[in-house]
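Trainee: no FASTA, just this:
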């Protein structure tokens, strides 16, 4: 198993930047595809970004449009989500998730493909 703890969420102004972190413990972090999802009040959970176990491939949700960047540091067992040009509609609880998948270049977009989830960190963007 792997345990995931997100951090970095807070209240920011529209146009600001923010970096979220997700620290993993337990099994070998580099065995996992890592993803970020978000859920706004009254809405379904939404795919934000994912990164392959080696960091060689990334995928993003359509709404990201170049504003976010996912990265990972396997030596630190941490995955990051850098967010720029934040908008009020980015307000949500952001979750990181892990998928036990070492297929070269594989990423997981469907939330049902992830076995482990963190508790989430709240990002609030004011206008």
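Mentor: Noted; the coordinates are in hand. Keep in mind that this is a model prediction, so the values were computed, not measured.
Trainee: ok, which stretches of this structure are strands?
Mentor: For the chain, the strands defined by DSSP state E occupy 2-7, 11-13, 18-26, 32-39, 46-51, 58-60, 68-73, 78-83, 92-100, 116-117, 121-126.
Trainee: From the contact counts, what lies against the fourth one?
Mentor: When contacts are defined as 3 or more Cβ pairs under 8 Å, 6 or more residues apart in numbering; DSSP states H and E, strand 32-39 sits against strand 18-26, strand 46-51, strand 68-73, strand 78-83, strand 92-100. For glycine as for every other residue, the C-beta is placed from the backbone atoms N, C-alpha and C.
Trainee: buried stuff in it?
Mentor: Of all the residues in strand 32-39, those buried under the rule 16 or more other Cβ atoms under 10 Å are 32-38.
Trainee: residues near the residue lying closest to residue 4 once chain neighbours are set aside, how many?
Mentor: In space, and not counting its chain neighbours, residue 4 is closest to residue 118: 3.6 Å by Cβ to Cβ, 6 or more residues apart in numbering. By other Cβ atoms under 10 Å, 21 other residues sit near residue 118.
Trainee: Pretty sure residue 118 sits against residue 96.
Mentor: Yes. At 4.9 Å, residue 118 counts as touching residue 96 under the criterion of Cβ atoms under 8 Å.
Trainee: Next up, the contacts around the most centrally placed residue in the chain.
Mentor: By Cα atoms, centre = their mean, the chain has its centre lying nearest to residue 36, at 2.2 Å. When contacts are counted by Cβ atoms under 8 Å, 6 or more residues apart in numbering, residue 36 touches 20, 22, 48-50, 70, 79, 81, 94-97.
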